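Asks: requesting a structural model of the entry that follows:
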Amino acid sequence: MQKYIKLNLYYLGSSKKHQIFRTRKWNEGLEKLTNKPVFTEEFDEIGRIKEIFGPVNLPFISMKISPEKEFNPNNNFYAKMK
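Replies: Residues are numbered from 1 along each chain as shown. You can find the predicted model right below:
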């Protein structure tokens with residue numbers, strides 16, 4: 001059974017290759033999200049989490065968005081955990 005986790009994020013901006021977010025809430029164990037796919041509420045895969053960095057309690061997340069996908073930073077995002 002696959003489990004989806006809602007990512008509680010707010011958008012900071014973009015770098016040359018990735019979109020950068022800051023977490024609003026962080027639970028221990030979520031550092032395993034690196035390289036996991038990211039989905040919208042409609043379960044449409046839009047990209048992958050590339051890196052988690054910064055403070056342990058409220059880290060930053062770097063996402064690589066697929067170029068053919070429509071990206072709205074105000075959407076709710078979900079990651080698939082196995």
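
Asks: give the contact list for the residue most central in space within the chain.
Replies: In the chain, the residue lying closest to the centroid (C-alpha atoms, centre = their mean) is Ile49, at 5.2 Å. Shown in contact with Ile49 (C-beta atoms under 8 Å, 6 or more residues apart in numbering): Leu33, Thr34, Asn35, Lys36, Val38, Ile61, Ser62, Met63, Ala79. The way it works is simple: take the backbone N, C-alpha and C, and place the C-beta from them, glycine included.

Asks: same check, this time on Gly54
Replies: Counted by C-beta under 8 Å, 6+ apart, Gly54 has contacts Phe60.

Asks: cool, and Leu7?
Replies: Phe21, Thr23, Leu33, Val38, Ile61, Asn76, Phe77, Tyr78, Ala79.

Asks: run the last query once more with 7 Å
Replies: Phe77, Tyr78, Ala79 (C-beta atoms under 7 Å, 6 or more residues apart in numbering).

Asks: most neighbours, which of the contacts of Ile49?
Replies: Ile61 (26 neighbours; other C-beta atoms under 10 Å).

Asks: how about the strands in the protein?
Replies: 3-7, 9-14, 19-23, 37-39, 45-53, 60-65, 77-81 (DSSP state E).
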